[in-house]
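[1] coords please:
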Amino acid sequence: MRSDKITKGLERVPARALLYATGLNREDLGKPFIGIASSFTDLIPGHVHMRSLERAIEKGVHAGGGVSFIFGVPGICDGIAMGHAGMHYSLASRDLIADIIECVVSAHCLDGLVMLTNCDKITPGMLMGAARLDIPGIVVTAGPMVSGRSGKQKLSLVKDTFEAVGRRRKGEISDEELSCLEMEACPGPGSCQGLYTANTMACVSEALGMSLPRCAASLAISSEKERIAYKSGQQIVEIVRKGITARKIMTKKAFENAIMVDMALGGSTNSCLHIPAIAKEAGVEVDLKLCDAISARTPHITSMQPGGEYLLEDLYYAGGIPAVMKRLCDDLHDCATVSGLSTKEIAKAAEIHDEDVIRAKEKAYHKEGGIAVLYGSLSPNGAVVKQSAVSEKMMQFKGVAKVFDSEEAAMAAIMNAQINKGMVVIIRYEGPRGGPGMREMLSPTAALVGMGLEESVALITDGRFSGGTQGPCIGHVSPEAMVGGPIALVEDGDEIIIDISKRRLDLNVATEVLAKRKARWVPPKPKIMQGLLARYAKCVTSADKGAVLVAE
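    Below you'll find the predicted structure:
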């Protein structure tokens with residue numbers, strides 16, 4: 001075992017002495033050492049209940065014959081960090097978490113790892129760390145929040161807070177109604193209720209084979225979540241003993257399965273950053289073209305918020321990810337999973353309890369999957385849109401550019417009613433390097449929806465969008481403005497042509513005009529000149545590469 005390096009041999013007397021100081025017995029030194037990487041924090045609703053899940057995992061590890069060691073990783077709540085400077089840190093924290101996993105696991109020679117996680121960047125960060133080390137690992141996502149309630153009406157974070165800001169600005173609701181919504185939309189622990197990034201990555205983890213069946217959708221408040229945590233603790237000891245490491249699960253075919261399930265669900269566009277980043281650490285090549293190709297042949301069989309009707313609690317009661325896999329069973333690869341069951345064994349054993357929440361392929365909500373990758377003169381290396389959340393009317397759109405060099409400037413214009421029908425709002429210098437950190441833009445997109453402009457205004461950025469975004473919002477434009485991509489050359493009044501069905505995003509400006517603009521373009525001074533983000537900006541790759549860090 002890996003832990004033999006610190007538990008065996010004459011020269012390890014000091015290490016054993018320190019381990020005994022933690023309360024271990026002599027016989028414990030012969031058992032598998034299992035790390036429990038926990039992102040517990042009082043700051044995030046998706047994580048406040050993790051103490052009980054930590055205990056459940058511990059019990060499972062001990063029941064399985066292992067020894068558990070809890071250590072922490074940081075967590076950032078995108079909903080709280082959004083709309084101000086705090087959002088610069090969210091994506092950067094993903095790679096920081098991977099580094100922390102590497103540091104702690106390597107320094108202490110742990111044999112296996114249970115990753116207790118829930119929110120947007122934390123789940124992919126942990127998976128990146130496990131893939132990098134190729135250590136046996138199991139992901140336990142802490143579960144989605146139940147819906148809020150106002151009378152008989154279900155409430156959710158994005159629809160009833162972010163979009164409510166635009167509705168209040170438009171005068172559709174009163175201050176009293178807004179106050180009620182902000183109090184009732186999030187009733188307790190769990191990740192935000194719709195198929196936003198946190199829940200998307202939970203579903204991806206399960207479809208990838210790195211979580212036990214039903215883990216992704218089982219609710220934060222449920223006893224089933226406690227049982228899954230306990231079983232994950234038991235199972236990690238088993239796969240350590242069998243030598244089943246992360247890369248034996250996270251194969252190319254497993255990533256293709258995960259992408260297919262993601263596209264069938266209509267998940268967050270952020271998966272197009274995170275899946276390639278995880279795959280890179282696993283030594284597997286996954287790019288935007290693969291994501292788009294799988295989406296093009298995968299029917300969209302659920303109608304999840306933000307673009308649809310249902311919440312994660314509805315998916316849970318309909319059968320969860322195993323039920324989605326059952327619908328896709330003929331198209332999925334049969335891969336190994338951490339449960340000991342194969343992908344198709346899980347799918348065939350699943351039950352579907354609601355034929356509308358998880359539709360048959362021939363009755364799909366859309367013929368194609370949730371995400372489309374657009375190429376063209378404005379995005380030579382690709383841009384990403386959640387096509388399942390775009391109305392048929394806006395799948396093709398021509399508009400005139402209204403350009404902003406920051407999210408704050410765009411948000412001010414939206415709230416001051418300066419955005420009119422027929423405009424394409426361009427938000428640039430918000431990419432991985434220019435942001436830095438590629439901030440999510442849920443505040444402006446939700447405000448546009450709340451003000452009723454999602455059928456007449458498009459938004460394009462080299463930044464990214466929350467999983468809660470809906471409407472014709474195109475992100476991840478590559479190359480980004482900070483490195484001189486075409487988005488840096490757009491001017492007010494330029495015509496932008498969007499054709500999602502043809503996968504096109506074009507700037508309708510003559511080549512010679514763009515060449516003159518390029519000749520006089522000068523990159524702006526970096527927004528942040530010190531600390532973590534300054535280092536991040538120097539090392540981060542573009543969005544089409546997963547915004548991963550490379551050594552300069």
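
[2] What count of nearby residues applies to G484?
    14 (other C-beta atoms under 10 Å). Placement of C-beta: from N, CA and C, glycine included.

[3] any idea how far the closest residue to it other than its chain neighbours is from T541?
    Nearest residue to G484 in three dimensions, chain neighbours excluded: W521, at 6.2 Å (C-beta to C-beta, 6 or more residues apart in numbering). Distance, W521 to T541, using C-beta to C-beta, to the nearest Å: 21 Å.

[4] Comparing these two, which shows the higher neighbour count?
    Legend: neighbour count by other C-beta under 10 Å for W521 and T541, higher for T541 (16 against 13).

[5] For the more buried one, give me its contacts.
    P432, A547, V548, L549, V550 (C-beta atoms under 8 Å, 6 or more residues apart in numbering).

[6] from what I can see the first one touches A543, true?
    Translated: P432. Yes. At 5.9 Å, P432 and A543 qualify as touching, with contact defined as C-beta atoms under 8 Å.

[7] For these two, list the residues in contact with both.
    M438, E480.

[8] Phi and psi next, for G452.
    phi 80, psi 20 (degrees, to the nearest 10).

[9] What helix or strand is G75 located in?
    G75 is part of no helix or strand, with elements assigned from DSSP states H and E.

[10] Against A293, how distant is L24?
    50 Å.

[11] Would you agree P523 falls within a helix?
    No. Using DSSP: H, G, I helix; E, B strand; the rest coil, the secondary structure at P523 is coil, not a helix.

[12] Now it: closest residue in space that isn't a chain neighbour?
    Here the residue nearest P523, using C-beta to C-beta, 6+ apart, is M482, at 6.3 Å.

[13] what's near enough to touch the one you found?
    Counted by C-beta under 8 Å, 6+ apart, M482 has contacts Y429, G431, R433, G434, D462, A488, P523, P524.

[14] Tell me, how many residues neighbour the second one?
    G431 is flanked by 32 other residues according to other C-beta under 10 Å.

[15] Check the gap between the residue nearest the centre of the chain and D120 for me.
    By C-alpha atoms, centre = their mean, the mean C-alpha position of the chain lies nearest to T197, the distance being 3.7 Å. To D120, T197 is 4 Å away according to C-beta to C-beta.

[16] who touches both of the two?
    Joint contacts of T197 and D120 (C-beta under 8 Å, 6+ apart) are D78, N270, G467.

[17] Next, work out how far apart the second one and V385 are.
    When distances are taken as C-beta to C-beta, N270 and V385 turn out to be 13 Å apart.

[18] excluding its backbone neighbours, what's nearest G267?
    T200 (3.5 Å).

[19] same check, this time on D314
    V357 (5.1 Å).

[20] From the contact counts, what lies against whatever helix or strand the residue nearest to G267 lives in?
    Following DSSP H and E, one finds T200 within helix 197-208. Applying 3 or more C-beta pairs under 8 Å, 6 or more residues apart in numbering; DSSP states H and E, one finds that helix 197-208 contacts helix 122-133, strand 137-141, helix 252-265, helix 271-281, helix 320-327.

[21] and the ones you listed as JSON lines, adding mean neighbour count and mean pLDDT?
    As requested, these are exported to JSON lines (neighbours: other C-beta atoms under 10 Å; pLDDT from 0 to 100):
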{"stretch": "helix 122-133", "mean neighbour count": "28", "mean pLDDT": "98"}
{"stretch": "strand 137-141", "mean neighbour count": "31", "mean pLDDT": "98"}
{"stretch": "helix 252-265", "mean neighbour count": "25", "mean pLDDT": "98"}
{"stretch": "helix 271-281", "mean neighbour count": "26", "mean pLDDT": "98"}
{"stretch": "helix 320-327", "mean neighbour count": "24", "mean pLDDT": "98"}
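
[22] Make a markdown table from these and add distance to C109 to it.
    Formatted as a markdown table, those follow (distance: least, C-beta to C-beta, whole Å):
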| stretch | distance to C109 |
| --- | --- |
| helix 122-133 | 11 |
| strand 137-141 | 15 |
| helix 252-265 | 27 |
| helix 271-281 | 20 |
| helix 320-327 | 33 |
